[in-house]
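**Q** Quick check, what structure comes out for this input:
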Amino acid sequence: GASAVFWGLPEHLALATHLTILALFALSLHLLVGLAGLLSLGHAAFFGLGAYTAGLLARAGWTEPLTGLVAAAAIGLLAGAAAGAILGRLRGLAALMVTLGLGLLLHEAALRLPGVTGGEDGLSGLDTAPLFGQFSFDLWGKTGYWYALAVLAGAFWLVSRLEAAPFGVSLRALHDNPTRLQALGIAQTARVRTAYALSGALAGLAGGLLTQTTQFVSVEVFSFHRSADLLVMLILGGVGRRYGALLGPVLYGVLREGFAAWHPAYWGAGLGLALMAIVLFAPHGLLGLRLFRPK
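**A** As a prediction, this is how the structure comes out:
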């Protein structure tokens with residue numbers, strides 16, 4: 001499939017790279033929503049911090065991509081751990097509002113610090129050194145595509161291992177029956193903090209990837225609609241299914257591009273109607289359809 005896209009649709013590699021990055025971003029939210037049942041309306045905060053970490057490093061002259069990604073993931077992990085420390089004891093609407101406030105706060109801070117973030121203009125012309133000193137990043141996305149796919153594959157493997165481990169089982173228990181989890185003597189707040197930290201690391205990784213492959217970052221990475229779109233993607237793919245985190249962004253991206261090409265003025269209305277139809281006829285997401293269920 002990946003090779004078919006590379007060789008068959010070379011003019012769409014930039015879009016394919018972007019969708020791959022969105023899938024990684026969605027996978028980060030899957031750890032919270034799909035496993036632990038913790039909703040977030042400000043997940044773009046971690047994504048944006050990773051994006052700006054990679055961008056600021058590049059502007060300072062540190063253009064090596066792999067170490068830049070590690071730094072982006074580390075900042076995302078620290079931010080996630082800090083958020084988890086606050087949200088560990090909150091549930092429901094209170095937790096949702098705190099996540100929303102975090103995203104809005106960072107968006108506003110990025111706008112008010114033009115000397116650091118570039119303000120409304122963002123940071124552009126950011127160099128990314130050739131991967132392993134051999135493979136240069138270009139406008140067509142040839143290197144970026146395989147680079148993003150490799151990072152997504154590694155992250156997907158990690159999440160798969162986490163889900164099968166006792167930590168993942170305890171997160172599902174937190175989602176399904178938190179009272180029983182507490183009765184078993186498992187600290188809920190510690191699980192929530194760890195989940196936010198890991199989720200923040202993956203989101204920061206996705207943000208760093210976006211900056212490195214586009215060589216640009218703007219305050220839009222912190223925007224509320226990015227967090228909202230991410231939830232929509234997860235719902236489309238199927239909440240609670242890690243493969244849904246991969247399929248949701250692809251479906252959303254294809255629909256969005258298709259309607260934009262169909263009618264530039266009314267693509268938003270068409271996309272909205274399509275999303276409503278999908279949710280009504282497939283309330284459990286794409287992977288909830290009979291076609292994708294094991295017989």
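**Q** In the stretch 101-250 of the chain, what residue spans correspond to helices?
**A** Secondary structure of the stretch 101-250 of the chain, counting by DSSP state H, counting those that start in this stretch: helices at 114-117, 142-164, 166-176, 178-183, 188-214, 224-237, 242-262.
**Q** from those helices, which stretch is densest packed?
**A** Relative to the other members of those, helix 188-214 carries the highest mean neighbour count by mean count of other CB atoms under 10 Å, namely a mean of 26. For glycine as for every other residue, the C-beta is placed from the backbone atoms N, C-alpha and C.
**Q** Mind giving me the packing neighbours of that one?
**A** Packing contacts for helix 188-214, counted by 3 or more CB pairs under 8 Å, 6 or more residues apart in numbering; DSSP states H and E, involve helix 13-30, helix 44-59, helix 65-87, helix 142-164, helix 166-176, helix 178-183.
**Q** and those as a markdown table, adding distance to residue 103 and mean pLDDT?
**A** Rendered in a markdown table, the data for those read as follows (distance: least, CB to CB, whole Å; pLDDT from 0 to 100):
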| stretch | distance to residue 103 | mean pLDDT |
| --- | --- | --- |
| helix 13-30 | 13 | 91 |
| helix 44-59 | 5 | 95 |
| helix 65-87 | 10 | 93 |
| helix 142-164 | 22 | 91 |
| helix 166-176 | 22 | 79 |
| helix 178-183 | 25 | 64 |
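**Q** for those, which one sits closest to residue 192?
**A** When the helices and strands packed on helix 188-214 are compared by CB to CB, helix 65-87 sits nearest residue 192, at 5.7 Å.
**Q** neighbours around residue 139, how many?
**A** Residue neighbour count, defined by other CB atoms under 10 Å, stands at 10 for residue 139.
**Q** what's the nearest residue to it if we skip its chain neighbours?
**A** Setting aside the residues directly before and after it, residue 139 is nearest to residue 14 in space (CB to CB, 6 or more residues apart in numbering), at 7.5 Å.
**Q** Of all the helices and strands packed on helix 188-214, which one is nearest residue 189?
**A** Relative to residue 189, the nearest member of those by CB to CB is helix 65-87, separated by 8.4 Å.
**Q** Determine the set of other helices and strands touching that closest one.
**A** Counting by 3+ CB pairs under 8 Å, 6+ apart, the packing neighbours recorded for helix 65-87 are helix 44-59, helix 92-112, helix 188-214.
**Q** Specify the stretch among these that is closest to residue 275.
**A** When the helices and strands packed on helix 65-87 are ranked by proximity to residue 275, the top entry is helix 44-59, at 19.2 Å, counting by CB to CB.
**Q** what packs against that closest one?
**A** Here helix 44-59 is seen to pack against helix 13-30, helix 65-87, helix 92-112, strand 123-124, helix 188-214, strand 216-217, helix 224-237 when contacts are counted using 3+ CB pairs under 8 Å, 6+ apart.
**Q** can you state the direction angle for the last one and helix 188-214?
**A** Per axes from the mean of the first three to the mean of the last three CA atoms, to 10 degrees, the angle that helix 224-237 makes with helix 188-214 is 100 degrees.
**Q** contact partners of stretch 59-73?
**A** Identification of contacts with stretch 59-73 by CB atoms under 8 Å, 6 or more residues apart in numbering yields 49-51, 53-54, 57-58, 123, 126-129, 131, 137, 147, 151, 201-202, 204-205, 207-209, 211-212.
**Q** List the buried residues of that stretch.
**A** Taking 16 or more other CB atoms under 10 Å as the basis for neighbour counts, the residues of stretch 59-73 that come out buried are 59, 63, 64, 65, 68, 69, 71, 72, 73.
**Q** can you pull the contacts of the residue nearest to residue 243 when sequence neighbours are not counted?
**A** For residue 243, the nearest residue in space outside its immediate sequence neighbours is residue 287; the separation is 6.0 Å by CB to CB, 6+ apart. Applying CB under 8 Å, 6+ apart, one finds that residue 287 lies in contact with 237, 238, 241, 243, 244, 247.
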